[in-house]
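Asks: Pasting the sequence and the predicted model now:
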Amino acid sequence: MLDVIVIGGGHAGAEAARVCARGGARVALVTMLRDAIGRMSCNPAIGGLAKGNLVKEIDALGGLMGEATDQAGIQFKVLNRSKGPAVQGPRAQCDRDLYAAAVQQVLAAEPNITIVEGSVSALLIDGRTVRGVAFRDGTKLHARAVIVTTGTFLRALMHSGETQTAGGRFGEPAAETLSDSLRELGLDLGRLKTGTPPRVDRNSVDFSKLEEAPGDVVPRPFSILTDRLPLPQILCHLTYTGSFAHDLIRANIHRAPMYSGQIHATGPRYCPSIEDKVVRFADKERHQVFVEPEGLQHPWLYMNGISTSLPADVQDAVVQSLPGFEKAVIARYGYAVEYDFVNPRQLDPTLQVRGVEGLFLAGQINGTSGYEEAAAQGLLAGINALQQIRGGDPVVLRRDQAYAAVMIDDLVTQGTEEPYRMFTSRAEHRLLLGCDSVYERLSPIAAGLGLLDDKRRRRVDARVERMRQAREAAESEAVTPDRETLAWLDRAGISLNEKATIARLMQRAGFDVEHFMTAAAATFPELAKAFGQLGDEELDGVVSQLRYAGYIDRQQREAARSAEEEGMKIPAEMSYGLPGLSREMIEKLSSVRPISIGQASRIPGVTPAAISIVRMHVRRGNCVLSPAGSVTASPAVSS
């Protein structure tokens, strides 16, 4: 018998399989096409605002997405550099083929992973425990845990104009019957929609008419394991839609599946199709289109910003209306995909299906959109499947520890009716969740679980120590406004009226740390040495931590106050038929079955009064196990 079966070889499945194998579990990764493992279904890019933070969190926990991105990245850029660290986001344009190859290479290096080609038709369930999977040809595989990461393939239907084709991705079949197994478990399924833009033959484009969109001069890798980025860095470009394209789309809107009634599923709010943009933002005279190479040698360009399922003739006309694309040849037309997903409120915070032992769901099956959201879920679902097999405690991160924790808590507590996308604004403690502190926050957790190899652990420890020494040096060294000091401070562009620590100086707007360290080297050699040992990312991190120290301290105090609520656990089978709770509150609490008072307080519609009643019963220990095995609450005892 296997330990874990992972269904699906996308970003969630790759992370789940690898982390389980790293933990010593025997894993079968089931995929319909071996060569499709790690394939980038849509945009050949990783990261972005909040998404880049997720990738760094994955790296800190020992995941593979950052490693693969560094091997395949052809343009790296930190977005929102002009703003504070809480809203910055690293992003990398990738070579599509090399990214998939890098993922496949990482998985091939794990001796505990066996790749199985096939289509899973059903789950094997014994009572309320998963026992394995059955294949379309009748073959069965047995395991102690199953992680379902089917992406957009459950009963998937592709739409291009009036044409409909079964499939979850161009040229790949749908998983037609697995949804039935999930429904038989009592799970509530819905339909979501995603889309992809046309790809254009790069040789048919006049790049002289496009705006250049370069990456960072000094590219910054994602993984702590990366010393050097192996690939040359390239330009991306920009162009824009105009009135001709908008009028054409409006004239053919009745042929768009989203507007003709052909598609009934809900699409992504924050990544709309071009036809949706033209309708919803009718006042906009133009929409930006990012023109992104699919790879160093790949002949196609990805038209980021005009995702569409309009008919081919309309797509041709829209693309050829763009500056620089007058003679463009579409190599693959855009299309939409409609697919099944599971309401994530039916999951525990471990991503295990509530009440079904050993069955975990991760990725777009849980209603999310994006590679990064999927990968983070896959990693944490894999960790929890591994812990269950080991007999260890589940791993549930707090909202002040990781964006991945914010995402999972949002999903299992509030559910979603549209594709969920991670944003920094979803996190109430986002100053604590920057890339600067990710290894301090998360790597000790992974190390404690035995998921970090020696090389990664040594590098994490060295990075944390370098940054600690630099912070302490800046906090301990002080400058006094004497004549000699004022002279070199003036060369650094800094005025001073009273004694101040270096850390305090760094809180000033416009402080240039490199200029300052050059001027201060003779006066503070140890400080200059400590800062000189930092890499670019580490230097930015230390300066940010010192500059925003007051705000960070405030958020840490807020997080500490909420930690008490998170630490007050609610028995798993508690009955919410408590004196004073309305039928509505009982239904909401029973539906989500929160694991803590903190999670209960975030359920939409649950009132503070209801939380007070539940808190009182939990605090007094009035929840007792009934003979039938459910937990009931004893009547309240007056003080």
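Replies: Received, thanks.

Asks: name the element residue 291 belongs to?
Replies: Using DSSP states H and E, residue 291 maps to strand 288-293.

Asks: so what does the following helix or strand past that strand touch, helix or strand wise?
Replies: Using DSSP H and E, the next helix or strand after strand 288-293 towards the C-terminus is strand 300-304. For strand 300-304, the packing partners by 3 or more CB pairs under 8 Å, 6 or more residues apart in numbering; DSSP states H and E come out as strand 199-201, strand 288-293. From N, CA and C alone the C-beta is placed, and that goes for glycine too.

Asks: that older thread, so in that sheet, which strands flank the strand holding residue 291, and in what orientation?
Replies: strand 236-240 (antiparallel), strand 300-304 (antiparallel) (DSSP bridges).

Asks: buried residues in the first one?
Replies: Looking back up the chat, that one is strand 236-240. By neighbour count on 16 or more other CB atoms under 10 Å, the buried set for strand 236-240 is 236, 237, 238, 239.

Asks: distance between stretch 140-159 and the chain's centre?
Replies: Here stretch 140-159 is found 20 Å from its chain centre; the criterion is CA atoms, centre = their mean, to the nearest Å.

Asks: Can you get me the start-to-end distance on that stretch?
Replies: End-to-end span of stretch 140-159 (CA to CA, to the nearest Å): 33 Å.

Asks: what about the helices in the stretch 301-450 of the chain?
Replies: With helices called from DSSP state H, counting those that start in this stretch, the stretch 301-450 of the chain shows them at 312-320, 371-390, 403-414, 438-448.

Asks: Would you mind measuring from the residue most central in space within the chain to residue 53?
Replies: The centre of the chain sits closest to residue 373, judged by CA atoms, centre = their mean, with a distance of 2.7 Å. Residue 373 sits 11 Å away from residue 53, going by CB to CB, to the nearest Å.

Asks: so how far is residue 502 from the residue of the chain most remote from its centre?
Replies: Centroid-distance maximum for the chain: residue 483 at 52.4 Å, with CA atoms, centre = their mean. According to CB to CB, residue 483 and residue 502 sit 19 Å apart.

Asks: again with residue 611
Replies: As judged by CB to CB, residue 611 and residue 502 stand 45 Å apart.

Asks: Then residue 561?
Replies: Counting by CB to CB - residue 561 and residue 502 are separated by 31 Å.

Asks: And those two? Which one has more around it.
Replies: Remark: of residue 561 and residue 502, residue 502 carries more neighbours, 22 against 9, as counted by other CB atoms under 10 Å.

Asks: The more buried one contacts residue 526, doesn't it?
Replies: No. The pair residue 502 / residue 526 is not scored as a contact, 11.3 Å apart, by CB atoms under 8 Å.

Asks: list residues touching both of these two?
Replies: Residues touching both residue 502 and residue 526 (CB atoms under 8 Å, 6 or more residues apart in numbering) are 473, 477.

Asks: Pick the most buried one from the helices of the stretch 301-450 of the chain.
Replies: helix 371-390 (a mean of 27; mean count of other CB atoms under 10 Å).

Asks: quick one: the strand holding residue 291 to helix 312-320, angle?
Replies: 90 degrees (axes from the mean of the first three to the mean of the last three CA atoms, to 10 degrees).

Asks: residues touching residue 211, list them.
Replies: Under the criterion of CB under 8 Å, 6+ apart, the neighbours of residue 211 are 237, 238, 239.

Asks: which of those residues lies closest to residue 285?
Replies: Proximity of the contacts of residue 211 to residue 285 (CB to CB) peaks at residue 239, which lies at 14.3 Å.
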